[in-house]
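> Return a 3D structure for these sequence lines:
(2 chains)
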2 protein chains.
Amino acid sequence: VVGKPPTDGRRVRGLATQTSIIREAVQLASTDGLEGLTMARLAERLNIPKSSVHAAFGSKQELQGAVLRETREIMIERVVAPALAAPPGLQRLVALGASWIGYLENEVFEGGCVLSAAASELDGRRGPTRDALVGIMTEWLRLLSDNVQAAVMNGEFAATTEPTQAAFELHSVGLAANWHHQLFGGPAAFKAARAAWSEALARRAAT
Amino acid sequence: VVGKPPTDGRRVRGLATQTSIIREAVQLASTDGLEGLTMARLAERLNIPKSSVHAAFGSKQELQGAVLRETREIMIERVVAPALAAPPGLQRLVALGASWIGYLENEVFEGGCVLSAAASELDGRRGPTRDALVGIMTEWLRLLSDNVQAAVMNGEFAATTEPTQAAFELHSVGLAANWHHQLFGGPAAFKAARAAWSEALARRAAT
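Predicted coordinates:
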């Protein structure tokens, strides 16, 4: 095709490298934490020179930001997108519980949820990494509370339901599933989480 | 007094040093994690030579073990002991919720609960530190489930109540309070946690 720009092989290879580095970085952050994630360890795991990691991400902060953005994308793809097939309100909350607990159960991350661990890690540390995490978790809690609100509007939940409180309780179920499974292993955490999620929805039902 | 052994000044000073090192180590572990807790950083914060930390704790693993034991002691003193004034069952569960959430709110630890963060950190790492954490958390969950069982025996909770499930749900409330406060700050997490704890007890009431 006339006028088509020449393929820039270096640029394509650069993007491919960056993508594979981020994927590995997410796994490393899930086991070692966002602070434990160093360019040296990442290079070692990928068997590439440390200078390649530096070339792809200028600083540790930039790398942490990329890990958080990638984790958010994974969560949207695995947890949020499947639930959008269900209508807003109770049905979407049921679907979000199923996809979220399934996602934790499938161990997408070697070392448990990066976002869940990052809250402890970044406590008291000001800066763009913490701001990015706060932004992602605010979005998630709002997704839950918006659907609680929709369930009230649909007449599925009692009119006295407090969306923020319900979102806190639903979120606590996933946190506990992740925590319990990381510590004790096995399927018990997910069984308990599914029962707790259902119960948290059922007890808000309009009578 | 005849026969009284001479005061061994070195031993007394040694114990005093070890106690002050552990106290500082618990605070450092709460901000930097059990893995981030190094003898060098600890020595720096205490303004003592690194060799003194080495003399008090032979290895990082020994130091981590001491931090977990100290955290358990703090939790017994601040959370469990006050609740023992209430009789086993519903009243003790009410008291445990009040003391636990109060303890998280009072920010005994600079960087949030050491135990809560440690589960993420030690995931996939075998060894005595992880075993010690599993032991402490098993004790805590058993304390909750034993009191749920007692509440059933007292006729306070419905006979169909599952103690393990109830303990999972109660524990999730404290985890979420810690997580939410670490990320967003302010008192909202504790208000939501108190409401969730009460609700988790109320919905199990015998009818």
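> Any stretches of chain A with poor pLDDT?
Residue ranges of chain A with pLDDT under 70: A:1-16.
> Quick test: name the residue nearest the centre of it.
Geometric centre of chain A, nearest residue: residue A:75, 4.3 Å, by CA atoms, centre = their mean.
> That one contacts residue A:103, doesn't it?
Yes - contact status for residue A:75 versus residue A:103: in contact at 7.5 Å, counting by CB atoms under 8 Å. The C-beta positions use only the backbone N, C-alpha and C, and glycine is treated the same way.
> so the helix or strand harbouring residue A:24 versus helix B:9-36, what angle?
Residue A:24 belongs to helix A:9-36 when assigned by DSSP states H and E. Interaxial angle, helix A:9-36 versus helix B:9-36 (axes from the mean of the first three to the mean of the last three CA atoms, to 10 degrees): 150 degrees.
> is helix A:9-36 anywhere near chain B?
Yes - Helix A:9-36 lies within reach of chain B by CB under 8 Å from any CB of the partner chain, at A:31-33, A:35-36.
> Most neighbours among those, please name it.
Among these, residue A:33 has the most neighbours (other CB atoms under 10 Å in any protein chain shown), with 22 neighbours.
> list the contacts for that residue?
A:117-118, A:121, B:33, B:35, B:120-121 (CB atoms under 8 Å, 6 or more residues apart in numbering or on different chains).
> Is stretch A:119-129 positioned near chain B?
Yes - judged by CB under 8 Å from any CB, stretch A:119-129 and chain B are in contact via A:119-124.
> circling back to that earlier point, out of the residues of helix A:9-36 next to chain B, what pair is the most spread apart?
A:31 and A:35 (12.4 Å; CB to CB).
> that older thread, can you tell me which of the residues of stretch A:119-129 next to chain B are in helices?
A:119-122 (DSSP state H).
> I'd like the residues you listed as JSON lines, with distance to residue B:185 and neighbour count appended.
Putting these into JSON lines (distance: CB to CB, whole Å; neighbours: other CB atoms under 10 Å in any protein chain shown) gives the following:
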{"residue": "A:119", "distance to residue B:185": "11", "neighbour count": "24"}
{"residue": "A:120", "distance to residue B:185": "14", "neighbour count": "25"}
{"residue": "A:121", "distance to residue B:185": "16", "neighbour count": "27"}
{"residue": "A:122", "distance to residue B:185": "12", "neighbour count": "23"}
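> helix or strand for residue A:151, which one?
Using DSSP H and E, residue A:151 sits within helix A:128-153.
> Give me the next element, helix or strand, following that helix.
helix A:163-184.
> List the buried residues of the next helix or strand after that next one.
Proceeding N to C from helix A:163-184, the next assigned helix or strand is helix A:188-202, under DSSP H and E. For helix A:188-202, burial by neighbour count (16 or more other CB atoms under 10 Å in any protein chain shown) applies to A:189-194, A:196-197, A:199-201.
> Relative to the whole chain's centre, how far out is helix A:188-202?
Mean-position distance between helix A:188-202 and its chain equals 19 Å (CA atoms, centre = their mean, to the nearest Å).
> got the contact list for that helix?
A:90, A:93-94, A:97-98, A:101, A:104-105, A:166, A:169-170, A:173-174, A:176-181, B:164-165, B:168-169, B:172, B:203.
> if I pick residue A:156, what's in contact with it?
Residue A:156 neighbours (CB under 8 Å, 6+ apart): A:89-90, A:205-206.
> same thing with residue A:40?
residue A:50.
> what's the distance between the one helix or strand it maps to and the middle of its chain?
Using DSSP H and E, residue A:40 sits in helix A:39-46. How far helix A:39-46 lies from its chain's middle: 23 Å, per CA atoms, centre = their mean.
> helices or strands next to whichever helix or strand comes after it in the packing?
Downstream of helix A:39-46, the next assigned helix or strand under DSSP H and E is helix A:50-56. If contacts are counted by 3 or more CB pairs under 8 Å, 6 or more residues apart in numbering or on different chains; DSSP states H and E, helix A:50-56 sits against helix A:9-36, helix A:39-46.
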